[in-house]
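Novice: need a structure here:
(one chain, ligands or ions: 1)
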Amino acid sequence: MVKNRIVEITGTKYPFILGPMRLITLGEMAAAVSNSGGFGQIAASGLSSDRLLLEVKKARDLTDQPFGINIPLYRMNAFDALEIAIDAGIKTITTSAGNPAMFMKRIKEADLKVLHKVSSKEMALKAQSCGVDAVIATGFEAGGHVGRQGTTTMCLVPQLADALNIPVIAAGGIADARGVVAAFALGAEGVELGTRFVATQECPVPDFFKQLIVEAGSDSTILLGKDAMPIRVLRNRAVDMIQNPDKHQEDMHLRGADADAQYIQSGGDADTAVMPAGQISGLIKKIEKIDKIFLGLIQGTDLLTQQLKTMFGGG
Ligand SMILES: Cc1cc2nc3c(=O)[nH]c(=O)nc-3n(C[C@H](O)[C@H](O)[C@H](O)COP(=O)(O)O)c2cc1C
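Specialist: Here you go, the predicted model:
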């Protein structure tokens, strides 16, 4: 059991958070992470209100531990998702992709805690001044959408830890206990993992996606949409087609060449699907069960901190 400001906010045993993943982290995955002592969350992105409600019910049936909902704020139905979270008795939500300011009055009124995703110090200071309870500092190496600024987790987290009064959660490039210890050394009080949880038995993506992560090297991901909404994905034929449409004239007649249309849950295979994943894919060598990942994170963090203490503290 860890004691710090993040576990006080999430109500969980450990300050380890399941990164929300569109159409992937639904009720079952949220419950599996919460049952392991972490903070599971359901990604509201791409879900109708009825479906979101259904996923909340599913998670409730599978766990009595706290879990949250991630609400992308730019979406039309963000306010509906917020009301669903409040009605369902969710205590902590996360928000991303937008300005939390116009949601804060309702969030505070309902006594909800909110963790907001940021990718720069400027965004983090704004979020703090709006009244969010913590920020999730997303580095450039993360899977999925990242900031246009290009700041890595290693550089972003300590700068935010120094600049803010509220706690910082590190997201991007963390897949084992080494990443956890590094993030805490940089000043984070929690970590959010996405890519690591894709390569799990519980993750509802096709096996080829998990296998590609396990087979990935250190340079197997690439950034799409650099100037608009950058998204880090695994390199494959679909991505090459989006980047070099002239090379793929024939394929272009067959499918729309944009990342959203070919998102993993829209179907496809290892060549044709667009699969968000982080640079840390290259470290992941096995498809694991979620509870085993937690065990490794907890035992590994304990061992590493003892080793560091011996090395530097003479203990
Ligand atoms: C397959 C995939 C889908 C994602 N979808 C979303 C999303 O819908 N909303 C969001 O806020 N973040 C999304 N992310 C980012 C994660 O929530 C998390 O912050 C990120 O994966 C952390 O970096 P890591 O992949 O290096 O662990 C996604 C990441 C992945 C790998």
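
Novice: mind giving me the domain split of the chain?
Specialist: Domain ranges of the chain: 5-204+283-303, 207-279, per automatic domain parsing.

Novice: is the ligand contacted by the longest one?
Specialist: So the one you mean is domain 5-204+283-303. Yes: judged by C-beta under 6 Å from any ligand atom, domain 5-204+283-303 comes into contact with the ligand through 19-22, 24, 43, 45, 70, 96, 117, 138, 141-145, 171-174, 192-196, 198. C-beta: built from backbone N, CA, C; applies to glycine.

Novice: swap in the last one?
Specialist: Yes: remark: domain 207-279 sits within contact range of the ligand at 276, 277, 278, by C-beta under 6 Å from any ligand atom.

Novice: could you measure the second one against residue 126, distance?
Specialist: Counting by C-beta to C-beta, to the nearest Å, the gap between residue 277 and residue 126 amounts to 29 Å.

Novice: which stretches of the stretch 101-250 of the chain form helices?
Specialist: Along the stretch 101-250 of the chain, the segments classed as helices by DSSP state H, counting those that start in this stretch run 101-109, 121-130, 153-163, 177-185, 195-198, 207-215, 237-243, 249-254.

Novice: tell me which of the ones you listed sits most buried.
Specialist: Of all these, helix 195-198 carries the top mean neighbour count, a mean of 27, counting by mean count of other C-beta atoms under 10 Å.

Novice: okay, that one in PDB with CA atoms only?
Specialist: Extracted C-alpha coordinates of helix 195-198, given in PDB (Å, rounded to 0.1, in the frame of the first residue of the first chain):
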ATOM      1  CA  THR A 195       1.400   0.300 -24.400                       C
ATOM      2  CA  ARG A 196       2.400  -2.200 -21.700                       C
ATOM      3  CA  PHE A 197      -1.300  -3.000 -21.000                       C
ATOM      4  CA  VAL A 198      -2.000  -3.600 -24.700                       C
END
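
Novice: that helix - contacts with which helices or strands?
Specialist: The contact analysis (3 or more C-beta pairs under 8 Å, 6 or more residues apart in numbering; DSSP states H and E) places helix 195-198 against helix 207-215, helix 290-313.

Novice: dump these to CSV, plus mean pLDDT.
Specialist: Compiled in CSV, those are given as follows (pLDDT from 0 to 100):
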stretch, mean pLDDT
helix 207-215, 97
helix 290-313, 95
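
Novice: quick one, which of those helices gets closest to residue 56.
Specialist: For the helices and strands packed on helix 195-198, proximity to residue 56 was assessed by C-beta to C-beta; helix 290-313 is nearest, at 19.1 Å.

Novice: in the closest one, what's buried?
Specialist: Using 16 or more other C-beta atoms under 10 Å as the test for burial, helix 290-313 gives 290, 293, 294, 296, 297, 298, 300, 301, 304.

Novice: closest one of these to residue 29?
Specialist: Comparing the buried residues of helix 290-313 against residue 29 with C-beta to C-beta places residue 290 closest, at 7.8 Å.
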